[in-house]
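Novice: Mind looking at a prediction? Sequence and model below.
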Amino acid sequence: MSFPVAAFISTNRILVSRGFAIAFFLLLLVTESAQEGSIVSAILFLSGLVLVGIATVGRLWCSLYISGYKNFELITSGPYSVTRNPAYFFFFLGFTGIGLSTETVTLSLGFVLAFAFVYPIIIRREERFLQDKFGRTFSDYCARTPRFFPNLRAFHEPERYVVNPRQFRRTMGDVLWFVWLVGVIELVEALHEYHILEPLLRLP
């Protein structure tokens, strides 16, 4: 990826995410699953629900640990003991789950590819910031903790942990949008089923 594109993505994450959300919603309105009503459709949807559920709980778990500490203290316990980027790992699961909830393999693969294109850039940028801020402490953390896919054998957590409840409450809305999106997908599917909206394309 060229440097200007990478720089734009890393500094405009929210704008890129909103643009993707709008594009996804418009695509959702004009497409439907070619597997609708089949066992494949049911398997895809249920798999998506499972991933969305895991992602929602996982993101809440991460928020519990990071709320009030982000950019001020290096968190290395709980979910951060098994991967340096647990929030993004659970986001990946939720993102994939949303794709599967559309009951199409096409959109599911599209979501995975979109994540693989955008988020490694964001992760590298954030890790450069942490390296500059925490220095050797962060280097040691990197040496024992994988960047993305969890190493469950490295898990550890404290017996007690101080949480900022106000900050945690503020992050809950950002976490629950996975669930809301599944609701939107089902609403659009119902609009198609009752011919209120006519899909233009059937996706495999």
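Specialist: Perfect, I can see it now. Numbers count the residues shown, from 1 in each chain.

Novice: drop to CA atoms for contacts and neighbour counts, all remaining ones
Specialist: Noted.

Novice: how about low-confidence regions in this protein?
Specialist: The chain contains residues with pLDDT under 70 at 1-7, 9-11, 13.

Novice: Just want to check the distance between the nearest residue in space to Thr76 that is not next to it in sequence and Ser67.
Specialist: Spatial nearest neighbour of Thr76, chain neighbours left out: Tyr141 (7.4 Å); criterion: Cα to Cα, 6 or more residues apart in numbering. For Tyr141, the distance to Ser67 equals 20 Å [Cα to Cα, to the nearest Å].

Novice: ok so, going back, what's the residue nearest to Thr76 sitting at in phi/psi?
Specialist: Per-residue torsions, Tyr141: phi -60, psi -40 (degrees, to the nearest 10).

Novice: Report the secondary structure element holding the most centrally placed residue in the chain.
Specialist: Centrality entry for the chain: nearest residue to the mean C-alpha point is Phe91, 1.7 Å, by Cα atoms, centre = their mean. Here Phe91, judged by DSSP states H and E, is contained in helix 86-101.

Novice: What's the first helix or strand after that helix?
Specialist: Next element after helix 86-101 (DSSP H and E): helix 105-134.

Novice: Okay, angle between that next one and helix 86-101 too, please.
Specialist: Orientation of helix 105-134 against helix 86-101 (axes from the mean of the first three to the mean of the last three Cα atoms, to 10 degrees) gives an angle of 170 degrees.

Novice: where's Gly48 relative to Gly99, distance?
Specialist: Taken as Cα to Cα, the span from Gly48 to Gly99 is 7 Å.

Novice: that older thread, what distance do you get for the residue nearest to the centre of the chain to Phe24?
Specialist: From Phe91 to Phe24 the distance is 16 Å (Cα to Cα).

Novice: Equivalent analysis for Thr76, please.
Specialist: 35 Å.

Novice: Over to Leu93?
Specialist: With Cα to Cα as the criterion, Leu93 and Phe24 are 17 Å apart.

Novice: which of the two has more neighbours?
Specialist: Leu93 (22 against 14; other Cα atoms under 10 Å).

Novice: Give me the contacts around stretch 83-96.
Specialist: Stretch 83-96 is contacted by residues 48, 51-56, 58-59, 62, 76, 79-80, 108, 111-112, 115, 119, 123, 142, 145-151, 178 when judged by Cα atoms under 8 Å, 6 or more residues apart in numbering.

Novice: What of stretch 36-43?
Specialist: 33, 35, 103-104.
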